[in-house]
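Asker: structural data only, the sequence is not supplied:
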């Protein structure tokens, strides 16, 4: 496993110098160069190489073809580099290619290379209770919970996290990413049947700077992804989506989450039914591959190399049948917190919010939380109540106070009357 400035990465593709190395059709690179030249107006070899992220030898091969076809006009030299523009014929061809697709970014990688890279970068986790304790150090987590999570994370399959609301299921799932000590290469785009599928998404992928010029620039070094999707999940988000205006496909969520985690939060409360979601993923979860379809019917396989975490406060048996639950090997119940854990959470929250509390505030808040027929303490109560105290203080133009009357006031705002 190689290292970029102390970041380990198991997949380091070399810079392609020929079309055989590049793995995609020459016509596609020609289209990219034509579209870039329309955008740039005045182009150079090094500029195009930088824009579409391929080596100068490959740009030079395409440029020679363009000169033979009289698609470019050379305007001068800058050192050893040509300065040129599109000819009238070049502009006409570029216009035609823009009608097919407006993609003019990084050159895509082949589907075969994407398969190989994703498999090569599958997570191999080695953790114990001590390392998990460090990863979840900002949460109050019992040893019992860590001992359930450890084997589940090591398995790198799917996890069903369930239990009453407000006890940290989402927080636990999001922090699972901390156990990874390496980074992954993610392609800007993948080519399938001359179509462009955009994969890298700056909203969900977090780049890591590196300066290794010997690595294929069509890939970007990133932290392992963790994508969280909740009630907004709809079936189209799990399929290729074609932008009609640009002619570019957007990768589905599971493809963007490859080599990382996909958290389905509030499972069972999505716009799509649990049955539809589970039926869609019953094969990928079982066989670690998924199938996508281009608009005109071409179907192809992609790796399903990710850990899917389902988080819900609903009963598992109400969401899925036995056949599906069998495919989710790890089921973790997150129970309501006990009094010592509640007090520990309370102390952390009060310290982080810099609120002066009376010595018996935690005990008093526990009593308030268990009033009016409420039978369980929840991990979210201390932070939520403290946030209300802060808001009251700002409203009245004074520092927050944690006295019994103030806790009563905050609890009255927080809890609905039964």
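Answerer: Looks like it arrived, so ask away. Owing to the predicted nature of the structure, the values given are computational and were not obtained by experimental measurement. Numbers count the residues shown, from 1 in each chain.
Asker: just checking, what packs against the helix or strand where residue 171 lies?
Answerer: Here residue 171 is covered by helix 169-175, with elements defined by DSSP states H and E. Applying 3 or more Cβ pairs under 8 Å, 6 or more residues apart in numbering; DSSP states H and E, one finds that helix 169-175 contacts strand 158-162, strand 226-229, strand 261-264, strand 307-312. All C-beta atoms are positioned from the backbone trio N, CA, C, and that covers glycine.
Asker: show me the contacts for the residue in the chain sticking out farthest from the centre.
Answerer: Distance from the centre of the chain peaks at residue 76, with 44.9 Å (Cα atoms, centre = their mean). Contact analysis of residue 76 by Cβ atoms under 8 Å, 6 or more residues apart in numbering lists 82-83.
Asker: one step back: gap between the helix holding residue 171 and the chain center?
Answerer: Here helix 169-175 is found 14 Å from its chain centre; the criterion is Cα atoms, centre = their mean, to the nearest Å.
Asker: same question, stretch 304-324
Answerer: Relative to the mean C-alpha coordinate of its chain, stretch 304-324 is positioned 19 Å out (Cα atoms, centre = their mean).
Asker: now do the buried residues in it.
Answerer: Neighbour counts over stretch 304-324 (16 or more other Cβ atoms under 10 Å) mark 304-313, 316, 319-320, 324 as buried.
Asker: widest-spaced pair of these?
Answerer: Farthest pair in these (Cβ to Cβ) is 305 and 313. Separation: 28.6 Å.
Asker: on that earlier part again, out of the buried residues of stretch 304-324, which one sits closest to residue 213?
Answerer: Proximity of the buried residues of stretch 304-324 to residue 213 was ranked by Cβ to Cβ; the top entry is residue 305 with 28.0 Å.
Asker: hang on, the closest one packs against residue 259?
Answerer: Yes: look at residue 305 against residue 259 with Cβ atoms under 8 Å: they come within range, at 5.8 Å.
Asker: what do those two both touch?
Answerer: Shared contacts of residue 305 and residue 259 (Cβ under 8 Å, 6+ apart): 118, 121-122.
Asker: write the PyMOL selection for whichever of those are buried.
Answerer: PyMOL command restricting the shared contacts of residue 305 and residue 259 to the buried ones, with burial defined by 16+ other Cβ under 10 Å:
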select buried, resi 118+121
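Asker: okay, now the unreliable bits of the protein?
Answerer: 1-6, 418 (pLDDT under 70).
Asker: tell me the secondary structure at residue 82.
Answerer: Assigned with DSSP: H, G, I helix; E, B strand; the rest coil, residue 82 falls in the strand class.
Asker: that one touches residue 74, doesn't it?
Answerer: Yes: in this structure, residue 82 is within contact of residue 74 by Cβ under 8 Å, at 5.7 Å.
Asker: picking up where we left off before, so which strand or helix has the residue farthest from the centre of the chain?
Answerer: According to DSSP H and E, residue 76 maps onto strand 72-78.
Asker: burial check on the nearest residue to residue 13 once chain neighbours are set aside, number of neighbours?
Answerer: Spatial nearest neighbour of residue 13, excluding adjacent residues (Cβ to Cβ, 6 or more residues apart in numbering): residue 216 at 4.1 Å. Neighbours of residue 216 under the rule other Cβ atoms under 10 Å: 21.
Asker: check the gap between residue 216 and residue 197 for me.
Answerer: Residue 216 sits 17 Å away from residue 197, going by Cβ to Cβ, to the nearest Å.
Asker: which of residue 82 and residue 74 has more neighbours?
Answerer: Each of residue 82 and residue 74 has its neighbours counted (other Cβ under 10 Å); residue 82 has more, 18 against 11.
Asker: for the more buried one, list the residues it contacts.
Answerer: Neighbour list for residue 82: 44-45, 63, 74, 76 [criterion: Cβ under 8 Å, 6+ apart].
Asker: run the last query once more with 7 Å
Answerer: By Cβ atoms under 7 Å, 6 or more residues apart in numbering, the residues touching residue 82 are 44-45, 74.
Asker: show me which residues of stretch 411-418 are buried.
Answerer: 411, 415.
Asker: give me the distance from it to the chain's centre.
Answerer: 36 Å.
Asker: can you count the residues close to the closest residue to residue 327 other than its chain neighbours?
Answerer: Excluding the flanking residues, the one nearest residue 327 by Cβ to Cβ, 6+ apart is residue 285, at 5.0 Å. As a burial measure, residue 285 scores 17 neighbours (other Cβ under 10 Å).
Asker: surely residue 285 meets residue 254?
Answerer: No: in this structure, residue 285 is not within contact of residue 254 by Cβ atoms under 7 Å, at 10.3 Å.
Asker: which residues touch residue 355?
Answerer: Listed by Cβ under 7 Å, 6+ apart, the contact partners of residue 355 are 386, 389, 400, 402.
Asker: of those, buried ones?
Answerer: By 16+ other Cβ under 10 Å, the contacts of residue 355 give 386, 389, 400, 402 as buried.
Asker: distance to residue 141 and secondary structure for those residues - can I get that in a markdown table?
Answerer: Shown next, in a markdown table, are those (distance: Cβ to Cβ, whole Å; DSSP: H, G, I helix; E, B strand; the rest coil):
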| residue | distance to residue 141 | secondary structure |
| --- | --- | --- |
| 386 | 20 | helix |
| 389 | 25 | helix |
| 400 | 27 | coil |
| 402 | 25 | strand |
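Asker: mind putting those in JSON lines, distance to residue 167 included?
Answerer: Listed next are the buried ones among the contacts of residue 355 as JSON lines, based on distance: Cβ to Cβ, whole Å:
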{"residue": "386", "distance to residue 167": "17"}
{"residue": "389", "distance to residue 167": "21"}
{"residue": "400", "distance to residue 167": "25"}
{"residue": "402", "distance to residue 167": "23"}
